[in-house]
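> The following comprises the amino acid sequence and a computationally predicted model.
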Amino acid sequence: MSATVLVTGGAGFIGSHTCVELLDHGYDVVVVDDHSNSSPQALERVAAIAGRPVAATYEIDLRDRRALSRVFDTHAFDAVIHFAAKKAVGESVENPVEYYDTNVGGTTTLLSAMRTHDVNRLVFSSSCSIYGDAAKEPLTEQDPAGPTNPYATTKWLCEQVLADTCRHLPDMRVLALRYFNPVGAHPTGLLGEDPRGVPNNVMPYLAQIAIGRLRRLRVFGDDYPTADGTGVRDYIHVMDVAEGHRAALEHLGDANGMRTFNLGTGVGTSVLQLVAAFADACGREIPYEIVARRPGDVAALVADPSAVARAWSWATTRDLATMCRDAWRFQEQNPSGYPRLTHLESSEV
Ligand code: NAD
Ligand code: WQD
């Protein structure tokens, strides 16, 4: 019998790509998503790509204990992948309580449903943002955390809650994966990143410039201590992130307790290098101007991905050109993103 996995936030950017990966590899998938930051269309496209749909999808808020309990009553889960969270750094500064409630409260509600229903395997979405302004490159899992905004703090707190839970409940098996900067899209162009409103993140911003929805990139600072002065990040293809989750499911059984791994490529790319790579991928010029640093940004965040490579013999396989090409294909095929009833169009800036 195939394993059944609960994917919270399964209609989102990383969740939807992971659903395809799991369906392709014989897992049965159940999705919980309130669609607060995703379109139900994404799961229809997941089914079109995988050739079969997810077993069930529930439009509920993860914090709704009774509704979540009914989901656990209905399905016998072998494991849970927990993506559902709010992820906008700026919004988290303006409304920290909502972030603590959704991200930390959602995680404890999920944990409590898992305990009640004897489910003890969890893969948790953590983030490179927990490293904060680390003046070190590359970053290993042993480097100290120093979250600099409420969003990052929620991820760090969730890691603490999970680690402490594992210390006291030794049958728990948790893998926390610290993604660096996931970008790109499914190679079919059917699934991709579809932010609401004007994108905060650089890759969807570039894609919307290339399609004509935005005019030019504002490069946030060229006076960082990096090779060309612009911020350096470790961009990782979302399909590599998805495959990393399948690998994680396969390795959840390796040991009890909590283990934490970086998911990155180990390659740093500056904003200007990214602009050039995206221009190559789409065959269009990407206008940009240098503006002041964005408050809260750090100079460089690059993963040391060697721990996961040693543990699972697993590494990413897709390069920056592939990330840009796939992101562009999604944008070109879906110029306004997924169809939505109340789609907030990006405004020209
Ligand atoms: P996303 O917003 O596309 O997906 C999150 C999904 O969770 C959305 O479909 C949203 O509707 C759903 N959701 C949010 N709150 C919910 C709630 N209370 N109940 C039910 N569903 C809810 O984000 P993503 O980029 O796919 O990120 C997935 C996870 O990875 C998040 O936990 C995020 O913090 C983490 N992460 C993302 C990045 C990144 O750059 N994309 C980097 C590091 C970590
Ligand atoms: C990348 C680089 C910007 C936009 C965010 C979250 C982090 C994690 C990953 C969830 C930086 C520059 C950007 C623009 C620019 N997510 N930039 N002009 O900030 O590294 O990380 O996503 O966990 O928590 O903070 O990603 O794509 O916003 O920025 O110059 O219009 O692009 O300064 O150097 P970031 P990003």
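Done, it's in. Computed from a prediction, not measured in an experiment: that's the story for all the values here. Ligands and ions are numbered 1, 2, ... in the order given.
> For the residue in the stretch 101-250 of the chain that ligand 2 sits nearest to, give me its contacts.
Distances between the stretch 101-250 of the chain and ligand 2 by Cβ to the nearest ligand atom are smallest at residue 231, namely 2.3 Å. The C-beta positions use only the backbone N, C-alpha and C, and glycine is treated the same way. Residues in contact with residue 231 (Cβ atoms under 8 Å, 6 or more residues apart in numbering) are 220-221, 224, 270-271, 297-300.
> Could you pull up phi and psi at it?
Dihedral pair for residue 231: phi -60, psi 140, per degrees, to the nearest 10.
> hang on, the earlier thing: neighbour-wise, which one of the contacts of residue 231 leads?
Counting neighbours by other Cβ atoms under 10 Å, the top entry in the contacts of residue 231 is residue 271, with 24 neighbours.
> how near is that residue to ligand 2?
Residue 271 is 5 Å from ligand 2, where distance means Cβ to the nearest ligand atom, to the nearest Å.
> pLDDT score for that residue?
pLDDT, residue 271: 98.
> Equivalent analysis for the one 4 residues further on, please.
Residue 275 is assigned a predicted lDDT (pLDDT) of 98.
> I'd like to know how many residues surround it.
Residue 275: 21 neighbours (other Cβ under 10 Å).
> Now do the contacts for it.
Listed by Cβ under 8 Å, 6+ apart, the contact partners of residue 275 are 206, 217, 219, 286, 288.
> My read is that the second one contacts residue 288, right?
Yes - with contact defined as Cβ atoms under 8 Å, residue 217 reaches residue 288; the gap is 4.1 Å.
> More neighbours: which of the two?
Just comparing residue 217 and residue 288: by other Cβ under 10 Å the higher neighbour count belongs to residue 217, 22 against 17.
> residues from the stretch 101-250 of the chain in reach of ligand 2?
Within the stretch 101-250 of the chain, the positions lying close to ligand 2 (Cβ under 6 Å from any ligand atom) are 127, 129, 181, 200-202, 205, 217-220, 231, 233.
> Of those residues, keep whichever come out buried.
Buried residues within those, defined by neighbour count using 16 or more other Cβ atoms under 10 Å: 127, 129, 181, 201-202, 205, 217, 219-220, 231, 233.
> All set, thanks.
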